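All I have is the shape, not the residue letters:
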């Protein structure tokens, strides 16, 4: 079983969307060998996903309404086989806090950041969803989730 962890700032926008999008793609491909979760760097936990994240994924047939945020924990970092952050600064924070696991931490988007849509309108969330989905598909093609 391969364990993938997505990380963003608050675990209510980008990383939950990435988690659910990857789960959907894996399910469509019949891949049961990958476990996917997400967490946030600055979160106490238990918060719902943002309303626009819920709506953006609902438009793609996914129900994010029951999602609850989780803080990234040392156990999550240790257990994950691969960790994908939404920004380079997230990657740097994790690599600095967990240098022994720096080898498995990378940004989802190669050479760039996926900007935070927090408190923006639905159109921005849709664009963020589509950008995340595009990078997930590229990563699936290049074997990053294998």
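Alright, I've got the coordinates. Owing to the predicted nature of the structure, the values given are computational and were not obtained by experimental measurement. Residues are numbered from 1 along each chain as shown.

Residue 13: neighbouring residues, count only.
Counted with other CB atoms under 10 Å, the neighbours of residue 13 add up to 29. In this view, the C-beta of every residue, glycine as well, is placed from N, C-alpha and C.

Check what pLDDT it gets.
Residue 13 is assigned a predicted lDDT (pLDDT) of 98.

distance of it from residue 32?
Distance of residue 13 to residue 32, given as CB to CB, to the nearest Å: 27 Å.

Is it correct that residue 76 is in contact with residue 5?
Yes - taking contacts as CB atoms under 8 Å, residue 76 lies within contact range of residue 5: 5.8 Å.

the more surrounded of these two?
Taking other CB under 10 Å, residue 76 and residue 5 do not tie; residue 5 has more neighbours (25 against 17).

ok, now which ones touch the closest residue in space to that one that isn't next to it in sequence?
Leaving aside its sequence neighbours, residue 5 sits nearest to residue 80 (CB to CB, 6 or more residues apart in numbering; 3.8 Å). Residues near residue 80 by CB atoms under 8 Å, 6 or more residues apart in numbering: 3-5, 37, 104.

Mind putting those residues into TSV with distance to residue 145, secondary structure and pLDDT?
Below are these laid out as TSV (distance: CB to CB, whole Å; DSSP: H, G, I helix; E, B strand; the rest coil; pLDDT from 0 to 100):
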residue	distance to residue 145	secondary structure	pLDDT
3	10	strand	98
4	6	strand	98
5	12	strand	98
37	13	strand	98
104	13	helix	98
